[in-house]
Structures are given as C-alpha cells and as structure tokens.
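Participant: Just to be clear, the model below is a prediction. Sequence and coordinates:
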Amino acid sequence: MKIIDVHVHLTRDSSSQLEVALEYAEKYDVLLCPNIATGKTMDEIRKNNYALYQLMKKYPKRILGVAHTEPLAGKEGVDEFRRCILDYGMIGLKLTASVVCSHPSVFKLAEEAIKLKVFILQHSGHATVGMRENESDTSDIVKLATRYPELMIIMAHIAGGQDWEWTLKMIKPYPNIYVDTSGSQGDMGVIEESVKYIGSKRLVFGSDGSNCNSLGRVYGADISEKEREDILVGNMKRYLKSIGREV
Amino acid sequence: MEDVLKVKEKNIIDVNAYIGNWPFRRLRYNTAEGIRELMKRYKIKKCVVSSLNGVLYKNTQNANEDLYQEIKKYPKSFIPLACINPYYPGWEEDLRICIDKMKMKGIRLYPNYHNYKLTDECCKKLVNVAIENSLPVFISIRVEDKRGAHWLMVVDEVDIEDVGKLINEYPECVFVLTNISASQIIKLKNMTENKNFYVEISRLEAFGHYDNPRLIDIIKMVGIERVLFGTSMCMEYPLSSFFKVESLNISEEDKKLIYYKNAERLFKL
C-alpha cells in the first residue's frame, strides 16, 4: 500500500459511491479510512457506523473505518464513539459541523479520544468570506488543542477553500494539531508551505472527494522523498502502530 | 511523474497556463523559464499562456507587452493569448497590436475582475472582433477560490447564465471555458445545445464524492472532442490534471484528444 487516505466520505446507501472509492483505491494502491458522516440523528449515525463496520469486514485490505458521532447527543454520542473504536475497530473520530469544535459538547468526546488514544478529524478551515454556521474556524481548533494538549487533532482539508497560510501560521505552535492534505483548491505551494511551517510529520494524506487534486499536490510538491513518504503513508502507519494496528 | 503515472503522450498542450505575479501570495515557476521547467518535468510540449498580471492591471496592454517580451525567446513553447478588457479605452487598438505584432492567437477575458458583464455591449463588440479574426475567446470562470482570497479581493465567479447567453448569441465564435466546475457545466448544458465551446479540465475531478458528476460524466455530456487539457499552472499544481486524465477508463486515442488533438484543432496547428 502506497497511500493511507484519512479523509474519505462514503454514504450508507450509495453503492456507486463505494465503487468510485474502491476504483480510486485500487488504481493508486490506497488504504481508505472513510467515514459515513451524513447522519443527523443518533439512530442514523448508529446505522451508518454499523454499515461502515460491515464494509471494513468485507474489504479488510482497503477499508479502515473512522467513526462519526454527534457531540450534542451527550452520553449517547460518546457511547457510540466508544462502540466504534472498541467493538468495530475503527481508528479515529470524524466530526463535522453540527457544532464548532470549541463548544463544550465536544469536550467529552475529546476526553474519550485521549483515553482511547485515537485522533479526531475535524471539518475546519479559515475562509476569507467567513465560515458557515457551526463550521469550526482554525481558532476553534486551536482552542480545543490548547484545552487538550494530549489530543491528536487532524484539521481537515488544508486546501479545502480557505486561507491556508493563515491556518498554517496559526496552528504552528500546537504540536498536537495535524493537517490533512485534501481539498479542491489547486494552489501550488500549499504542501511546500505546510512542510515549512509545521513539518512533514504533522501532515497526513487526505482526498475528501478531490482525489486528483490531492494526489497532484502531494506528488507534485517540491519536497524531499522522505517528506512525501511521511505524508502519503508514513505518519499514518506510525499512528496505526501506536494504537496496535499494524498495516 | 513516472513513479506514479505512466503518461505515454509526448505532444501535450496545456491550454491554461499563466506567467506573471499574483500580489496576494508567493508564486513559483511564474516566469517563462519557470513554466518551461515544469513543461520539461511533465513533458508538456506547448502551453497556451496568458499574463497573470493582466487580471489586475487596469491597462491590460502593459501586461500583454510584458508577456510578449517574456516569451519571445521561446516561440515553439508558447501560444500566447491577449488579455483584453473591453470596458477599458483603446482595447481595439491593443488587440490589433496583439494580433499583428505579438502574434497572439486568442483572447482571454476576466469579466468580474475587469468591471463588465459578458452580456454588456462592450463585450459583444469584442466577440464580433474575435469572430472577424477567427480568434477563440477564453473566459476564466474563476482565477482563485474566493474562500482563500485576500480580504480586499473577494471576486465572484463569472455568471454561467451570462456565458450561456453569449454562447447562444454568437454561434460563430468559439469559446474556451477555463476553471469551470462540473455543476457549472451542467447548468450551461441546460441552457444551450450549441457546440461552440470547449471546457478545460483543471477544476474537474475524476473521482469525486457523493454523487457529484465526475470528469467522465462531463465528457459524456459535452463530447470528448470539446474537452481540453489544462493545468492552471503556475497558480495550481500541474500534476493534478495528469491524474485526472490518467484516471479515466478511456482509450489512448481518446486521451490524445484531451491531451492535444482538440487543442491542435482549436488553434489550427
């Protein structure tokens, strides 16, 4: 396997979406770490996570799931997160935009993630035009990282439609903030500047539906082959090893 | 590139390249030499190039002159486009110089940066001149993602309805739509049955997520003969566009159409 992709979205009911993801995974030898994060209620979320668990069993060499839950659901949300990690063998938690990640409802999940030693992948960014309601700004990520320095946070999509220079400079002092390289912005230089500001050890590969842009920016960046290997696969391999999941 | 992609083609034409500066962030490879370095790295034979300075200069002719000086040593590498603002005085003479003296082979428009709409009379006048001179008109749907733009430079994308109206009103003119998204192409296809436009691929995606249309869907929609290879370099990573083409399950002959044959037809090479 050449790539571990931490930011992949699937849906519970779309077989075509799964086919596309597997086609991409086969073509570029990718281990997918997908989430199914479309659920709005805990009932839907549980069904989604269970469906993802079934896919993990069906495609063990290609799919390693990332849990999704709802921060505002309180204990019910935390219990679902625990089930996904402990019973289903998922490797982290994806949070979307039902609430900003500096909101107190996220704290219990952050504490649980620390106990379980898994990351939180958080939808976030810093858009010049402003973030949508309940979308986490980079400053929300920093607040969470400051409150929980032991928590591994992966900021989603450094090239996902944001002022990535702002974000990189803001998160630089926080070693527990990692960044995934996904996004639709083609901006040349984003990977080089990411390595410059936070180092290749804090970067992990993601695609988030912009697969070719994401491949192109990492394979096309003027960085060393060691740094590229860190981003594509090395950092996530080390992370998985740290939680007892050799791949 | 050989490590991850096995691109067989040697005659690739990139129809969407820039030389110049973008004042809001550092660019690399933004000179003729820089672009040629990338062309060598990715085995791109020719680039259709325009001045990035022209997007923000009030008088775009100075940008055209700078581009002319920058690339004149490399006539085999570059096909230059004239950056013209039909809202600004003197553009007719500027365009004439671009065609006759600077041998520019098309016109590049940035309506939302240049303070006019595609449906304005000044733009229609320009399209008529393009028709008279058999020049393709490139319309940049966007230059950058406005979510990452400088706070004083948040510019909307070109209104696709206006693009559709222009295409319908001027079937004799050939338009090239650069940096256009899949959803915008779908909207455009709902407006026109005309075939006088090409789409460039740098903003399209071969895989996508959820049920967003993929590059293969766009090809089926507009016809492969109207899809052009473009990268948006030096603003964007050129390698991404290679991944897009190489991820398609199409024949090598069809890839040739995208990589260069359609562009050869467009520019009568």
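Facilitator: Looks like it arrived, so ask away.
Participant: Apart from its neighbours in sequence, what residue is nearest A:Glu76?
Facilitator: Spatial nearest neighbour of A:Glu76, chain neighbours left out: A:Met42 (5.3 Å); criterion: Cβ to Cβ, 6 or more residues apart in numbering or on different chains. For the C-beta atoms, the positions are set from N, CA and C on the backbone; glycine is no exception.
Participant: Show me the contact partners of the longest helix anywhere in chain A.
Facilitator: What stands out as the longest helix in chain A, according to DSSP state H, is helix A:42-58. The contact list for helix A:42-58, computed with Cβ atoms under 8 Å, 6 or more residues apart in numbering or on different chains, reads A:10, A:12, A:18, A:34-39, A:63-65, A:67-70, A:73, A:76-77, A:80, A:83-84, A:88-90.
Participant: State the distance from the closest residue in space to B:Glu200 that isn't next to it in sequence to B:Cys47.
Facilitator: Nearest non-adjacent residue to B:Glu200, counting by Cβ to Cβ, 6+ apart: B:Gly230, 3.7 Å away. Shown here: B:Gly230 relative to B:Cys47, a distance of 9 Å by Cβ to Cβ, to the nearest Å.
Participant: overlap in contacts of these two?
Facilitator: By the contact definition Cβ under 8 Å, 6+ apart, B:Gly230 and B:Cys47 are jointly contacted by B:14, B:17.
Participant: Give the pairing partners of the next helix or strand along the chain from the longest helix of chain A; include direction for each.
Facilitator: Once the chain leaves helix A:42-58, the next helix or strand it forms, by DSSP states H and E, is strand A:67-68. Applying DSSP bridges to the sheet, strand A:67-68 is found paired with strand A:92-95 (parallel).
Participant: tell me the contacts of the residue of the stretch 51-200 of chain B at minimum distance from chain A?
Facilitator: Per Cβ to the nearest Cβ, B:Arg147 is where the stretch 51-200 of chain B lies closest to chain A, at 3.7 Å. Taking Cβ under 8 Å, 6+ apart, we find B:Arg147 in contact with A:125, A:127-129, A:161-163, A:185.
Participant: Generate a PyMOL selection restricted to the buried subset of the residues you listed.
Facilitator: To isolate the buried members of these in PyMOL, using 16 or more other Cβ atoms under 10 Å in any protein chain shown:
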select buried, chain A and resi 125+127+128+161+162+163+185
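Participant: Could you list the buried residues of the strand or helix carrying A:Glu193?
Facilitator: Using DSSP H and E, A:Glu193 maps to helix A:190-198. Neighbour counts over helix A:190-198 (16+ other Cβ under 10 Å) mark A:190-195, A:197-198 as buried.
Participant: could you say what helices and strands the following helix or strand past it packs with?
Facilitator: Counting by DSSP H and E, the next helix or strand C-terminal to helix A:190-198 is strand A:203-204. Packing contacts for strand A:203-204, counted by 3 or more Cβ pairs under 8 Å, 6 or more residues apart in numbering or on different chains; DSSP states H and E, involve strand A:177-180, helix A:190-198, helix A:235-242.
Participant: which residues in the chain form strands?
Facilitator: Since no chain was named, I'll use chain A. Along chain A, counting by DSSP state E, strands occupy A:3-9, A:30-35, A:67-68, A:92-95, A:119-122, A:124-125, A:136-137, A:153-155, A:177-180, A:203-204.
Participant: was after chain B, sorry
Facilitator: Under DSSP E, chain B gives strands at B:12-19, B:44-51, B:78-80, B:82-83, B:107-109, B:137-140, B:175-178, B:197-200, B:227-228.
Participant: Tell me which of those strands approaches B:Ala32 most closely.
Facilitator: strand B:12-19 (6.0 Å; Cβ to Cβ).
Participant: Report whether that closest one contacts chain A.
Facilitator: No: figure legend: strand B:12-19 not in contact with chain A (Cβ under 8 Å from any Cβ of the partner chain); closest approach 10.6 Å.
Participant: Can you check what angle separates that strand from strand B:44-51?
Facilitator: Here strand B:12-19 runs at an angle of 30 degrees relative to strand B:44-51 (axes from the mean of the first three to the mean of the last three Cα atoms, to 10 degrees).
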